[in-house]
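Colleague: Provide a 3D model corresponding to the input given below.
(chains A and B)
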Number of protein chains: 2
Amino acid sequence: MFEFDLTASQGRARAGIFHTPHGDLETPVFAPVGTQATVKTLTPAQVMELGATLVLANTYHLYLRPGDELVSELGGLHEFMQWRSPILTDSGGFQVFSLAKTRKIDDEGVTFKSHIDGSTHRFTPEKSIRIQENLGADIIMAFDECSDPNDPGYTRVAMERTHSWADRCLAAKRREDQALFGIIQGGIDPELRTVSAQFISSRPFPGIAIGGLSVGETKDEMQAMLDVVTPLLPADKPRYLMGVGTPEDVIDGVKRGVDIFDCVLPTRLARHNAAFSPGGRMNLMNASFAHDQHPIDESCQCYTCRTFSRAYLRHLIVAKEMLAGSLLSIHNLYTMVNLMKEIRLSIRDGSFKEKIPTWMERWHGNADRSKIIVSE
Amino acid sequence: MFEFDLTASQGRARAGIFHTPHGDLETPVFAPVGTQATVKTLTPAQVMELGATLVLANTYHLYLRPGDELVSELGGLHEFMQWRSPILTDSGGFQVFSLAKTRKIDDEGVTFKSHIDGSTHRFTPEKSIRIQENLGADIIMAFDECSDPNDPGYTRVAMERTHSWADRCLAAKRREDQALFGIIQGGIDPELRTVSAQFISSRPFPGIAIGGLSVGETKDEMQAMLDVVTPLLPADKPRYLMGVGTPEDVIDGVKRGVDIFDCVLPTRLARHNAAFSPGGRMNLMNASFAHDQHPIDESCQCYTCRTFSRAYLRHLIVAKEMLAGSLLSIHNLYTMVNLMKEIRLSIRDGSFKEKIPTWMERWHGNADRSKIIVSE
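Modeller: Okay, here's the model as predicted:
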């Protein structure tokens, strides 16, 4: 359980299998986000059909609504949302910092007010673990503090607190059927990132997450931090780059040795009428698509592209039909999931590096990083 | 083409097969409503999976958006919305009377303002047929005038105009691959209904619709009108009761010799968090379902009931997740479609009449007629 078998590598890029209680997870893998125990607008049957193997759910949201104890009483998240493959939950930390109305951080934990009803709550490392044990995901996260990358002093404090909380999470954890991942922080400071990578690697986590990226730093800064961190990590544990990202980001991440990704981008873009496409991000509401009989992407094999014209998708959007969001979500998620599949195959057959320019050219223009919103 | 084979009957209830260019339609049949070329919140794959064989689309809506000429250019409604089984379009008349901002009726046609942007348009019988020929449904409707059942003078005028327009529709029709149904009006006046049934039956329509019911009259009045009308109709043409209805209404209609039904009720209820259930209409937002691990209906074989608990559905509703509307639409449509299937089988094996009390008891309480809204 929770062994990670490396099956192939090319440079720092790795293909592997992570063994979980809900099946073997082939990596590199992209996890669609199901914030409130649903990948927005899609049934689990649709999410499975498009090829997803791992989904992420948000601890902060599910703690507030419907409540982790209720989810536990109903048999846990897999049973509740009827997702039979692996699930990953975050620690709730990031959402508390980004969504809660007010928050007060101390060395023990964070007190915050719900964005739903203003009620006061407190998360500690121990509480986060207890909530995640109630939710019952296969992969759970240590409670961490994500700092503003442009505030060096705070970044050091947050990193040190993250390390102390990591040990408290390890101590608090009771369930044997969940893999607790430690989280590396350190902003965009190579020295702090080095310290954090070494600290987290020294602890008995079965997997290691890289947090505090895709939160406002530049693309170059993110890549520089990955170049600092991943060479320091043990080869036999999966690495998870949290909240990333676009097709290009994911290719960049795999190249630097990352195994697991998640991002709301595909489903969020979909609800804003946008689709990944080889020519760049496509806004299907555009009047130029009114008579367009082509699918979003001629070469895409998703249900949406196999079935519907751009003209029909535009009609659904203009007519405010919710089906538009579902069909674009299917396409955008399929694009990411299928890209990961191509990446896995290429690492196995040794063609990963030579395929990078083709992928980059194909997916260039699909990422406007300023518009990436990390939480739904 | 468009022959109607009666395969079994019991009393006035009939089972048959209506032959259309997109396949044989087993009757009695219930058509989900796909107003804007989509059954709201569902993919055509989901609509097909739940067992639907016929869908209705609205001429008024599609004329305004995206435009019938665009639909024609894109290959017609089947191709546009990717529904491969039979489609029925209404004439647009009812929506003009119920939705348009202002309307002025004369003997030639109706001038109205769009509910979308206030622009002025005019429908005539010829225009309605031309639009429906552009849309390309298998079954199309004559342009009619639906009167207030409680205004006898106007009801007579509207019926006479409907008859004159019926002949103009027959004369205007050009496509051979569409079945034009005439529509009987006459409000709740047995004499007018008799006149109208005889008039429409005398014309070469391959099918006959009963309009002007489920528009504010009582259930007893509707049944009384069916008792007047259906005995006057030729046996070899399918009969379509427009905009009806609830499970009980449909059973009552079949008993009185109706073959085709449509109603927005299943999908509209779904978007208001309500599900058909054996105990009556169930509001899934109710707090009593928070911990409820049962499906909506233990005996239901729809995807929603085979998969999800009431507690999960309630969570989706409270969390404002659109998936709730999709899952409840699947259940409500399946309930209607499956009831029709049971009805067809029972007419064939001679058990229809003896099963009526069981069905009526099972589905009693699912109809609050005052809340039935005929158009989405």
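Colleague: interface residues of chain A facing chain B?
Modeller: A:36-38, A:40-46, A:61, A:65-66, A:70, A:73-75, A:80-82, A:290-291, A:293, A:303, A:307-309, A:311-312, A:314-316, A:318-319, A:321-323, A:325-327 (C-beta under 8 Å from any C-beta of the partner chain). C-beta coordinates here come from the backbone N, C-alpha and C atoms, glycine included.
Colleague: Narrow these to those that are buried.
Modeller: Listed as buried from the residues of chain A next to chain B are A:36-38, A:40-44, A:46, A:61, A:65-66, A:70, A:74, A:80-82, A:290, A:303, A:307-309, A:311-312, A:314-316, A:318-319, A:321-323, A:325-327; burial here means 16 or more other C-beta atoms under 10 Å in any protein chain shown.
Colleague: Which of the residues of chain A next to chain B fall in helices?
Modeller: With DSSP state H as the criterion, helices contain A:44-46, A:61, A:70, A:73, A:80-81, A:303, A:307, A:311-312, A:314-316, A:318, A:323, A:325-327 from among these.
Colleague: what's the pLDDT at the nearest residue to A:Pro66 once chain neighbours are set aside?
Modeller: The spatial neighbour of A:Pro66 that comes closest, neighbours along the chain excluded (C-beta to C-beta, 6 or more residues apart in numbering or on different chains), is B:His315 at 4.4 Å. B:His315 is assigned a pLDDT of 98 by the prediction.
Colleague: Low-confidence regions, chain A specifically.
Modeller: Within chain A, the ranges that satisfy pLDDT under 70 run A:367-376.
Colleague: where do the strands sit along the stretch 101-250 of chain A?
Modeller: Residue ranges of the strands in the stretch 101-250 of chain A, as given by DSSP state E, counting those that start in this stretch, are A:103-105, A:110-113, A:120-123, A:139-141, A:179-184, A:207-210, A:239-241.
Colleague: Direction included, what does the first one pair up with?
Modeller: Spelled out, that is strand A:103-105. strand A:110-113 (antiparallel) (DSSP bridges).
Colleague: can you list contacts of the strand it pairs with?
Modeller: A:93, A:96-97, A:100-104, A:119-124 (C-beta atoms under 8 Å, 6 or more residues apart in numbering or on different chains).
Colleague: Can you flag the buried ones in those residues?
Modeller: Neighbour counting by 16+ other C-beta under 10 Å classes A:93, A:96-97, A:100, A:103, A:121, A:123-124 among the contacts of strand A:110-113 as buried.
Colleague: number of nearby residues for the residue lying closest to A:Arg175 once chain neighbours are set aside?
Modeller: Using C-beta to C-beta, 6+ apart and skipping the chain neighbours, the partner closest in space to A:Arg175 is A:Glu133 (5.0 Å). Number of residues near A:Glu133 (other C-beta atoms under 10 Å in any protein chain shown) recorded here: 21.
Colleague: A:Glu133 and A:Ala171, how far apart?
Modeller: As defined by C-beta to C-beta, to the nearest Å, A:Glu133 lies at a distance of 13 Å from A:Ala171.
Colleague: and if you look at A:Val244?
Modeller: Using C-beta to C-beta, one obtains 29 Å as the distance from A:Val244 to A:Ala171.
Colleague: So if I had to pick from the two, which one is more boxed in?
Modeller: A direct count of neighbours by other C-beta under 10 Å for A:Val244 and A:Ala171 places A:Val244 higher, at 24 against 10.
Colleague: Ramachandran angles for the nearest residue to that one once chain neighbours are set aside?
Modeller: Nearest non-adjacent residue to A:Val244, counting by C-beta to C-beta, 6+ apart: A:Ser214, 4.8 Å away. Note on A:Ser214: backbone dihedrals following degrees, to the nearest 10 are phi 60, psi 40.
Colleague: isn't A:Ser214 right up against A:Asp249?
Modeller: Yes - with contact defined as C-beta atoms under 8 Å, A:Ser214 and A:Asp249 form a contacting pair (7.4 Å).
Colleague: For chain B, what is the nearest residue in the stretch 101-250 of chain A?
Modeller: Across the stretch 101-250 of chain A, the shortest distance to chain B (C-beta to the nearest C-beta) belongs to A:Ile116, at 9.3 Å.
Colleague: Contacts only, for that residue.
Modeller: Contacts of A:Ile116 by C-beta under 8 Å, 6+ apart are A:64-65.
Colleague: any idea how far A:Asp262 is from it?
Modeller: As for A:Ile116, its distance to A:Asp262 is 23 Å (criterion: C-beta to C-beta).
Colleague: Would you verify that A:Cys305 is located in a helix?
Modeller: Yes - when DSSP: H, G, I helix; E, B strand; the rest coil is applied, A:Cys305 is found to be in a helix.
Colleague: How much space separates the closest residue to chain B within the stretch 51-200 of chain A from B:Ser346?
Modeller: Relative to chain B, the nearest point of the stretch 51-200 of chain A is A:Pro66 (4.4 Å; C-beta to the nearest C-beta). From A:Pro66 across to B:Ser346, the span is 41 Å (C-beta to C-beta).
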